[in-house]
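> generate a structure from the sequence data that follows.
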Amino acid sequence: MKILLISPTQSGIGGIAQHVQGLTKFLQNQGHEVEIISSENTFTIPVKGLKNPSFMISSFIKSKFKKNFDIVHAHNIPSALAMKNSSGKKILTIHGIFSKQIGEIHSKSSENISKKYETRALSWADAITAISKESSNYYSNLGYDVNQIPNGIDLSSFEQESDRRFDKQVIYAGRLSKEKGTETLLKICNNLDDDVDLLIIGEGPEQEKFMNIDSKKKNIHYLGFQNHEKTISLIKGSDILIQPSLSEGISTTLLEAMDCKTCIIASNVGGNLELIKNQESGILIEPTNDKLFNKSINHLIQDKPLREKLSESAFDKIKQYDWKYVGQKYLELYESLL
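Residues are numbered from 1 along each chain as shown. Model (predicted):
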């Protein structure tokens with residue numbers, strides 16, 4: 001098959017980028033021809049409020065020159081306009097509830113505008129998939145036929161050595177933006193015990209706040225962008241991974257922590273509830289409850305047997321998210337449309 005993937009991003013450690021990278025690798029290994037339209041090969045304006053609209057326009061223009069594809073597979077709502085403009089059977093994959101995410105980042109009025117465009121975008125697809133039960137149920141209740149296909153990870157890529165830099169090492173890895181719970185993360189940093197070191201990996205509109213706190217607190221270490229291999233080695237070397245997101249699909253970062261057997265403390269939202277069972281395979285907390293995040297970090301960092309019990313339970317679930325299974329579900333969907 002000749003397949004066109006359209007995505008706001010295809011590089012870095014973000015969830016959509018990792019999803020597109022994994023799907024591309026799987027499809028190419030199966031002998032299929034894959035091309036990608038993304039912000040990395042189109043013109044975008046890297047400013048809050050302008051990145052998605054500029055990608056929509058530039059990807060739409062570029063898609064006019066993309067012809068004779070069997071499958072056009074768009075990832076998230078901003079990619080839908082280019083999908084509509086391309087030739088081939090059209091699939092739209094939803095990574096979370098788009099209009100809700102826009103509301104969290106911008107405003108209620110922005111959310112309402114996004115809902116109107118979201119409705120049009122969904123109508124352009126021959127098939128719709130969602131990566132989490134939450135988003136699948138949300139769009140199904142609106143009357144759409146939605147296939148749930150989760151995020152995947154390449155389990156064969158987790159063989160590198162661990163990178164432990166401190167005796168008590170906690171890590172956050174992800175985009176530094178409001179919807180990822182950066183307000184809670186800042187409070188966690190400010191109240192973290194002095195003998196616990198927190199590594200922060202990622203970039204985004206809130207990164208300067210973490211650069212500032214790094215300069216003030218010796219146990220907060222802002223590492224900025226790290227490539228995927230280094231990120232995995234740092235997760236593997238940590239005792240705990242924290243994720244206070246306000247919303248999530250099936251988080252690639254949590255899947256990676258599960259495979260690294262790194263204990264997880266995360267917010268009780270979205271796809272996190274599918275991946276982690278509270279007190280059994282990790283700890284789930286209200287995303288704004290920074291005090292309970294700190295209390296849980298302090299408790300788990302002192303209790304190695306409990307960390308190992310939780311992480312082993314999480315590890316037992318990971319095989320169902322291997323790309324060799326997830327990718328096959330996409331192939332079956334592609335073939336059903338042809």
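> now do the helices in the stretch 201-338 of the chain.
207-216, 228-236, 252-260, 272-275, 290-302, 304-315, 323-337 (DSSP state H, counting those that start in this stretch).
> same check, this time on the stretch 51-200 of the chain
51-63, 80-85, 98-105, 108-123, 133-141, 182-191.
> between these, which gets nearest to residue 324?
Minimum separation from residue 324 across these (C-beta to C-beta) falls at helix 133-141, 21.8 Å. Bear in mind the C-beta positions are built from the backbone N, C-alpha and C, glycine included.
> alpha carbons of the closest one, as CSV, please.
The C-alpha trace of helix 133-141 is given here as CSV (Å, rounded to 0.1, in the frame of the first residue of the first chain):
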residue,chain,number,x,y,z
LYS,A,133,-11.6,4.7,25.8
GLU,A,134,-12.4,8.1,27.1
SER,A,135,-12.1,9.8,23.7
SER,A,136,-13.7,6.8,21.9
ASN,A,137,-16.7,7.0,24.2
TYR,A,138,-16.9,10.8,23.9
TYR,A,139,-17.1,10.8,20.1
SER,A,140,-19.2,7.7,19.9
ASN,A,141,-21.8,9.4,22.1
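> what comes up buried for that helix?
133-136, 138-139 (16 or more other C-beta atoms under 10 Å).
> also stretch 310-323?
310-311, 313-315, 317-318, 321-323.
> cool, and stretch 176-196?
Under the neighbour-count criterion of 16+ other C-beta under 10 Å, stretch 176-196 has 176-189, 192, 196 buried.
> what do you get for stretch 99-110?
Within stretch 99-110, the residues scored as buried using 16+ other C-beta under 10 Å are 99-105.
> kindly report the same for stretch 150-162.
Applying 16+ other C-beta under 10 Å to stretch 150-162 flags 150-154, 158 as buried.
> quick one, what contacts residue 266?
Neighbouring residues of residue 266 by C-beta atoms under 8 Å, 6 or more residues apart in numbering: 241-245, 248, 251, 254, 272, 276, 282-285.
> same thing but at 6 Å, please
Residue 266 sits next to 243, 272 when contact means C-beta atoms under 6 Å, 6 or more residues apart in numbering.
> low-confidence ranges in the stretch 101-250 of the chain?
Where the stretch 101-250 of the chain drops to pLDDT under 70, the residues are 157-158.
> try it again at 80.
101-114, 156-160 (pLDDT under 80).
> neighbouring contacts of stretch 220-228?
The contact list for stretch 220-228, computed with C-beta under 6 Å, 6+ apart, reads 13, 189, 198-201, 203, 210-211, 213-214.
> nope, stretch 160-175 is what I was after
Contacts to stretch 160-175, defined as C-beta under 6 Å, 6+ apart, come from residues 14, 180, 196-202, 204, 229, 231, 233-242, 253, 301.
> pull out the buried positions in that stretch.
Within stretch 160-175, the residues that count as buried by 16+ other C-beta under 10 Å are 163, 166, 168-175.
> among those, which ones are in strands?
Under the assignment DSSP state E, those contribute 169-173 to strands.
> max pairwise distance over the contacts of stretch 220-228: which two?
The distance between the two most remote of the contacts of stretch 220-228 (C-beta to C-beta) is 20.6 Å, for 13 and 213.
> which one's more surrounded, those two?
When neighbours are counted by other C-beta atoms under 10 Å, residue 13 comes out ahead of the other of residue 13 and residue 213, with 22 against 17.
> specify the local secondary structure of that one.
What DSSP: H, G, I helix; E, B strand; the rest coil gives for residue 13 is coil.
> now it: closest residue in space, sequence neighbours ignored.
In space, and not counting its chain neighbours, residue 13 is closest to residue 231: 5.3 Å by C-beta to C-beta, 6 or more residues apart in numbering.
> so what's that neighbour up against?
When contacts are counted by C-beta under 6 Å, 6+ apart, residue 231 is found next to 13, 173, 201.
> recalculate using a threshold of 10 Å.
For residue 231, the contact set (C-beta atoms under 10 Å, 6 or more residues apart in numbering) comprises 12-13, 163, 171, 173-174, 199, 201-202, 223, 225, 253, 256.
> redo those as TSV? Include distance to residue 43.
Listed next are the contacts of residue 231 as TSV, based on distance: C-beta to C-beta, whole Å:
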residue	distance to residue 43
12	18
13	23
163	36
171	34
173	29
174	26
199	34
201	28
202	24
223	29
225	21
253	29
256	31
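> in those residues, find the pair that's most separated.
Pairwise over the contacts of residue 231, using C-beta to C-beta, the maximum falls at 12 and 163, 18.7 Å.
> and residue 237, how many neighbours?
As a burial measure, residue 237 scores 18 neighbours (other C-beta under 10 Å).
> OK, contacts around it?
161-166, 169, 171, 199, 260, 262.
> of those residues, closest to residue 330?
Nearest to residue 330 among these, with distances taken as C-beta to C-beta, is residue 260, at 25.1 Å.
> could you export stretch 60-78 as CSV, CA atoms only?
C-alpha atoms of stretch 60-78 as CSV (Å, rounded to 0.1, in the frame of the first residue of the first chain):
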residue,chain,number,x,y,z
PHE,A,60,-3.5,21.9,3.1
ILE,A,61,-1.3,23.5,0.4
LYS,A,62,1.2,20.7,0.4
SER,A,63,-1.5,18.0,0.3
LYS,A,64,-2.6,19.4,-3.1
PHE,A,65,0.5,17.8,-4.6
LYS,A,66,0.0,14.4,-2.9
LYS,A,67,-1.8,12.1,-5.3
ASN,A,68,-2.6,8.4,-5.8
PHE,A,69,-2.4,7.2,-2.2
ASP,A,70,-4.3,4.2,-1.0
ILE,A,71,-4.6,5.5,2.5
VAL,A,72,-4.5,9.0,3.9
HIS,A,73,-4.1,8.8,7.7
ALA,A,74,-4.4,12.1,9.6
HIS,A,75,-3.5,12.4,13.3
ASN,A,76,-5.6,14.9,15.3
ILE,A,77,-8.0,17.5,14.2
PRO,A,78,-5.5,20.1,12.8
